[in-house]
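Participant: what shape does this take:
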Amino acid sequence: MKLTAIEALNRLKEGNKRFVEGRSAMRDEEHPERRNALVGGQNPFAIILGCSDSRVPAELVFDQGLGDLFVIRVAGNIVAPSQVGSVEFAASRFGTRLVVVLGHTNCGAINATVSELEQPTEQRSPNLKSIVSRIRPSVEALMDAGVCEDRETLIRHAGRANIRASCNQLRHGSQLLEELIDNEGLLVVGAEYCLEAGEVVFFDGVSGLAQA
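Facilitator: Numbering: from 1, shown residues only. Next up is the predicted model:
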């Protein structure tokens, strides 16, 4: 049975709580049977657009197994056409109704963007610049506003601002996703993983949601 967005969100929260407490529900001995059951197809209950950082594997962070999550990973959890297309594919093909943009504290891509704004360099490759350029507006807005008194605070706020920006791009940058949001119960939310605590905090798109 397909989970609603709220049900999927609560399942992720429960899984992250297990992860933080060190009591994973996943069993290695169950994997061969589960793997065979998935040969004919998949039915992921959530789509995760996360950062490529090796310290933030979505399946482990949310204590989920094979076939549970449709995971898209890219440095800085940015939204480019290929990421939008991947979300569209999973949402329309599998009927998955929850999309989570998952960033994390002390993100290297955020740090690189701040450094680029502080001291521009021509040595960065065009491919790396394409990532920085998508994060840049979120950082520039904070720097221009002068609301962050030091670099550490700027990076912390920029990380969340970048997550919000990616969420808004998914909500408003795709006609297909907009229709699914308006008519089919698709929900796009933003979350941040704390490297120190292991906890995922959902902070964007969840206000007022029942049992969320």
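
Participant: got the contact list for stretch 115-132?
Facilitator: Applying Cβ atoms under 8 Å, 6 or more residues apart in numbering, the contact partners of stretch 115-132 are 74-76, 78, 80, 109, 112-113, 136, 139-140, 143. All C-beta atoms are positioned from the backbone trio N, CA, C, and that covers glycine.

Participant: buried set for it?
Facilitator: Within stretch 115-132, the residues that qualify as buried by neighbour count (16 or more other Cβ atoms under 10 Å) are 116-117, 131-132.

Participant: how long is it end to end?
Facilitator: Stretch 115-132 stretches 10 Å from its first residue to its last (Cα to Cα, to the nearest Å).

Participant: and Leu117, which of the three is it?
Facilitator: helix (DSSP: H, G, I helix; E, B strand; the rest coil).

Participant: how close does it sit to Val132?
Facilitator: Distance, Leu117 to Val132, using Cβ to Cβ, to the nearest Å: 9 Å.

Participant: the helices in this protein, which residues?
Facilitator: 5-21, 31-37, 58-61, 81-93, 108-118, 126-145, 151-172, 175-183 (DSSP state H).

Participant: make a markdown table from those and add distance to Val101 and mean pLDDT to it.
Facilitator: Output for the helices of the chain, formatted as a markdown table (distance: least, Cβ to Cβ, whole Å; pLDDT from 0 to 100):
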| stretch | distance to Val101 | mean pLDDT |
| --- | --- | --- |
| helix 5-21 | 13 | 97 |
| helix 31-37 | 27 | 82 |
| helix 58-61 | 11 | 96 |
| helix 81-93 | 10 | 97 |
| helix 108-118 | 13 | 87 |
| helix 126-145 | 12 | 86 |
| helix 151-172 | 5 | 94 |
| helix 175-183 | 12 | 98 |
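
Participant: now do the contacts for the closest residue to Asn106 other than its chain neighbours.
Facilitator: Spatially, and ignoring its direct neighbours in sequence, Asn106 is nearest to Leu195 (5.9 Å; Cβ to Cβ, 6 or more residues apart in numbering). Neighbouring residues of Leu195 by Cβ under 8 Å, 6+ apart: 55-56, 104-106.

Participant: repeat the analysis, applying 6 Å as the threshold.
Facilitator: With contact taken as Cβ atoms under 6 Å, 6 or more residues apart in numbering, Leu195 is in contact with 55, 105-106.

Participant: which of the helices of the chain sits closest to Leu49?
Facilitator: Across these, Leu49 has its closest neighbour in helix 81-93 (6.0 Å, Cβ to Cβ).

Participant: in the closest one, what counts as buried?
Facilitator: Quick answer for helix 81-93 (16+ other Cβ under 10 Å): 83-84, 86-88, 90-91.

Participant: quick check: the farthest pair among those?
Facilitator: Among the buried residues of helix 81-93, Gln83 and Ala91 lie farthest apart (Cβ to Cβ), at 12.5 Å.

Participant: per-residue pLDDT, Gln119?
Facilitator: Gln119 is assigned a pLDDT of 78 by the prediction.

Participant: repeat that for the one 4 residues further on.
Facilitator: According to the per-residue confidence, Gln123 scores 68 in pLDDT.
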